[in-house]
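Peer 1: Sequence below, structure please.
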Amino acid sequence: MGVLEDKRNARFFYKYLSNVYDQINRINWTEDMRSEALGWLEFGDDDAVLDVGCGTGFGTAGLVEHAETVHALDQSVHQMEKAFEKFGKQGEVTFHVGDAERLPFANDTFDIVWSSGSIEYWPNPVQGLEEMRRVAKPGGQVLVVGPDRPSNPLLRRAADAIMLFYDEDEADRMFREAGFEEFHHSIQRATPLSPRAITTVARVPDEEH
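Peer 2: So this is what the prediction gives:
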């Protein structure tokens, strides 16, 4: 387990990173990449959407362009304070302080459950994926963006010491263990020299729960 997969370490890390997170994040996870990922989802007129691990609201900003009912959750209040500056505490987004591995929502609540740049900090990613599936409606969609595992052995060892990095085979295992049957992965990259993101879109079985 990487050092930032410990929840207390992650909260401490983001207490200080929150001030510059948007500037750093845009280097590896761009608006074009976000738009591409949003294009892989099917939005309906009255969809309810959840952003798990919303952070400063970068993913949330894309979701509000496609859905009127958007909820956003994060364990870091410091990160969400930056999101409050963008959306307000009681504006178009409903914010929740909570844990991705214990989502405070009922079964079958959301049409779309999104998470970008969060799974790499979860101590138990399969449990987090199970929770995303649980709160999604039957036939709903789940999208998860995480860091693709480096192919270089030295870089891979260094990356694994920090947080979760995974390849398509590992993504297959995690999503299957979480109960998903229908899913596909795509690799996204800001530039040829940028770290790669692995984005998975999964469909919840129609007769779930």
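Peer 1: which residues of the protein fall in helices?
Peer 2: According to DSSP state H, the chain carries its helices in the segments 7-17, 21-28, 31-38, 58-63, 77-87, 125-135, 153-162, 168-177.
Peer 1: Just give me the lowest mean pLDDT stretch among these.
Peer 2: Ranked by mean pLDDT, the helices of the chain end with helix 7-17 at the bottom, a mean of 49.
Peer 1: So for this protein, the centremost residue is which one?
Peer 2: S115 (1.8 Å; C-alpha atoms, centre = their mean).
Peer 1: ok, that one touching A136?
Peer 2: No. If you go by C-beta atoms under 8 Å, S115 and A136 don't touch, sitting 11.5 Å apart. In short, each C-beta sits where N, CA and C put it, glycine included.
Peer 1: Regarding this structure, what is its longest strand?
Peer 2: Looking across the chain with DSSP state E, the single longest strand is strand 136-147.
Peer 1: partner strands of that one, parallel or antiparallel?
Peer 2: Strands that pair with strand 136-147, judged by DSSP bridges, come out as strand 110-116 (parallel), strand 196-203 (antiparallel).
Peer 1: quick one: buried residues of it?
Peer 2: A136, K137, G140, Q141, V142, L143, V144, V145, G146, P147 (16 or more other C-beta atoms under 10 Å).
Peer 1: Bridged to the first one, which residues?
Peer 2: In this structure, A136 bridges to F110 when assessed by DSSP bridges.
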